[in-house]
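*Asks:* Could you work out the structure for the sequence below:
(chains A and B)
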Amino acid sequence: MITRSNRFHGHGSLRYLYTRGKTVRANQLTVRYIINSRRETWRLAVVVSKKVHKSAIVRNRIRRRLYEIVRNNQNRISKPYDIALIIFSPLLAELEQQKLESIIISSFEKAEIFDNPKDKKTENYVKIEEKEA
RNA sequence: CCAGAUUGUUGACUAGUCGCUUGUACGAUAGUAUAAGAGGAAAGUCCGGGCAGCAUAGGGAAAGGUAGUUGCUAACGGCAACCAAGGGUAACCUUAGGGAAAGUGCCACAGAGACUAUACCGCCUAAUUUAUUAGGUAAGGGUGAAAAGAGCAGAAGUAAGAAGCUGUAUUUCUUUCUGGUGACAGAUUGAAAUGGUAAACCCUACCUGCUGCAAGGAGAUGAAUUUACCAUUUAUGGUUAGUCCCCGCUAUAUUCAUCAUUAUCCGCUCGAUCUAAAUGGUAACAUUUAGACUAGAUAGAUGACUAGAUAAAACAGAACCCGGCUUAUGGAUAAUCUGGAUAA
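*Replies:* Residues are numbered from 1 along each chain as shown, chains lettered A, B, ... in the order given. Below is the predicted model of the structure:
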């Protein structure tokens, strides 16, 4: 689970994101995102409607797995993005962890929410050099 | 040992890595430490109550609900014990269990005819055209779940028949008695009635004010109207609004715009609470004593991954809180009881 400051609040905010944000589509989910100039940290919302699955247990499970994957990779989000993950398929509750993680990471890289891997490596090298220095 | 009946319990654990929510302590802050963190149904939202607002929640009408008795309870359409009817060899189970003699409606198909009802066949009498007409008739046939009959049976009677009569069953009212708080059970006197349906209208008795935590309270900034409006009078009348309707009651606040505001804080968890023991009661339950504090989120915490024989398990996620009901549920397991078989 991510901290409360990184969660997404309010219908108004989501409406704003839906009308003005950019979208990237994967097989079973879409990512909508926009840079929020008022904030300093990024925010994430996972939207799982009742059409996806009737049971609240399954919907909670999808939400928690996606939050967890994003949390493990949160160092790669540099700018104050507002992100919404909109889910279409109940298969995400059963999918293997590595596959699910690769889907999320690839779609985030497509959207340029994550920095490019090459840039990331160079940054890391820079940091290491600084530490060594 | 086999087949059943009833009432329960549990419904996941350990280790590691990375996290979330709330409380407490320390700290200027960042944060650190520590404690706690979904269910038996949290579900369906079907009943009942608390709590909140509307008058203090009042009267009438309408509408709705409940239906054996006694008790339990904050209350109930719930629970317990009992009564009645039905099912089972039994343990035990099931029951929308008041009234059809207040009135109305309905009873398909078949059949001549099914409650202001009838004569198809047959039977009897008369007439003549000897096979038809007219009249009588419900003993018989046919149809149907039920037939001129409204419980059942019987004899006498007649042209053929009926009304009527006799016996008996049940029910209602009634007389008296016994047992029980009572439903009721067992006897008994007299009179009357007799198809089903009240999960058809209806009648009887009892109960129910409406809206639900998105209740309700506290917003910020700016603007406008003002003691709701009209008339007379300064307290009345009318209008409007609030509680479905009528009566009654109430009327310093109301409206608009903006705020990525459908936000934020309170309500919010100590309560008809939980655990244990004792006492009373057949039981539901009650009382007393001792101890405990046990989720409070808000796009919504209680998790993700790895390892453990890997196949890790059912139904399933608190949203103001309680008491029930109903529905979903893989596996494991306890107690009591019934019937049968075998052995001693």
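*Asks:* what is the mean pLDDT for stretch A:74-89?
*Replies:* Average pLDDT, stretch A:74-89: 73.
*Asks:* And it, end to end?
*Replies:* End-to-end distance for stretch A:74-89: 24 Å, by C-alpha to C-alpha, to the nearest Å.
*Asks:* Show me where chain A dips below the pLDDT cut-off.
*Replies:* A:1-21, A:27, A:36-41, A:78, A:93-98, A:111-133 (pLDDT under 70).
*Asks:* Please, where are all the strands along it?
*Replies:* All strands of chain A, identified by DSSP state E, fall at A:22-25, A:29-35, A:43-47, A:81-87.
*Asks:* Looking at the ones you listed, which one is packed in the most?
*Replies:* strand A:81-87 (a mean of 21; mean count of other C-beta atoms under 10 Å). In short, each C-beta sits where N, CA and C put it, glycine included.
*Asks:* List the strands paired with it, with their directions.
*Replies:* strand A:29-35 (antiparallel), strand A:43-47 (parallel) (DSSP bridges).
*Asks:* Give me the distance between residue A:66 and RNA strand B.
*Replies:* Residue A:66 sits 9 Å away from RNA strand B when distances are taken as C-beta to the nearest atom of the strand, to the nearest Å.
*Asks:* residues touching that residue, list them.
*Replies:* For residue A:66, the contacting residues are A:46, A:85, A:87, A:92, A:100, A:104, by C-beta atoms under 8 Å, 6 or more residues apart in numbering.
*Asks:* restrict the residues you listed to contacts with RNA strand B.
*Replies:* Applying C-beta under 7 Å from any atom of the strand to those, one finds that residue A:46 fall near RNA strand B.
*Asks:* Out of the contacts of residue A:66, which is nearest to RNA strand B?
*Replies:* residue A:46 (6.8 Å; C-beta to the nearest atom of the strand).
*Asks:* Just to check, that closest one is in contact with residue A:67?
*Replies:* Yes: counting by C-beta atoms under 8 Å, residue A:67 is a contact partner of residue A:46 at 6.5 Å.
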